[in-house]
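Enquirer: Structure for this input, please:
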Amino acid sequence: MSTTNGSPAPATPVVAAWLRADLRCPVTGGELVDAVGPDGEPRLDSPQAGLSFPVRDGVPILLAHEASPLA
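Expert: Residues are numbered from 1 along each chain as shown. All right, here's what the predicted structure looks like:
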């Protein structure tokens, strides 16, 4: 299985589903989806913004300046 950006989907959710449902992209306000970065680290992707936000120690870092472009 893969995410919308073509990277493999994580085996377990990056963030609990009940929490992720309330989280939104800080740039667009759109939905965030679980993903895995090229380095194997968990991420939350915003397809609408074309950005990927890191998750560090289980904490989503939803700051625009911390995001990287989706490949």
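
Enquirer: Could I get the full set of strands for the chain?
Expert: Here the chain has its strands, by DSSP state E, at 33-36, 42-46, 51-56, 59-60, 68-69.

Enquirer: okay, the angle between the third one and strand 42-46?
Expert: Translated: strand 51-56. Comparing the axes of strand 51-56 and strand 42-46 via axes from the mean of the first three to the mean of the last three Cα atoms, to 10 degrees yields an angle of 150 degrees.

Enquirer: Could I get the buried residue list for strand 51-56?
Expert: For strand 51-56, a neighbour-count test (16 or more other Cβ atoms under 10 Å) marks 51, 52, 53, 54, 55 as buried. Yep, even glycine has a C-beta here, placed from its N, CA and C like the rest.

Enquirer: which stretch among the strands of the chain comes nearest residue 22?
Expert: strand 59-60 (11.0 Å; Cβ to Cβ).

Enquirer: if we can go back for a sec, a markdown table for the strands of the chain, including distance to residue 18 and mean pLDDT?
Expert: Listed next are the strands of the chain as a markdown table, based on distance: least, Cβ to Cβ, whole Å; pLDDT from 0 to 100:
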| stretch | distance to residue 18 | mean pLDDT |
| --- | --- | --- |
| strand 33-36 | 14 | 91 |
| strand 42-46 | 15 | 94 |
| strand 51-56 | 16 | 95 |
| strand 59-60 | 14 | 92 |
| strand 68-69 | 26 | 96 |
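
Enquirer: Noted, bye for now.
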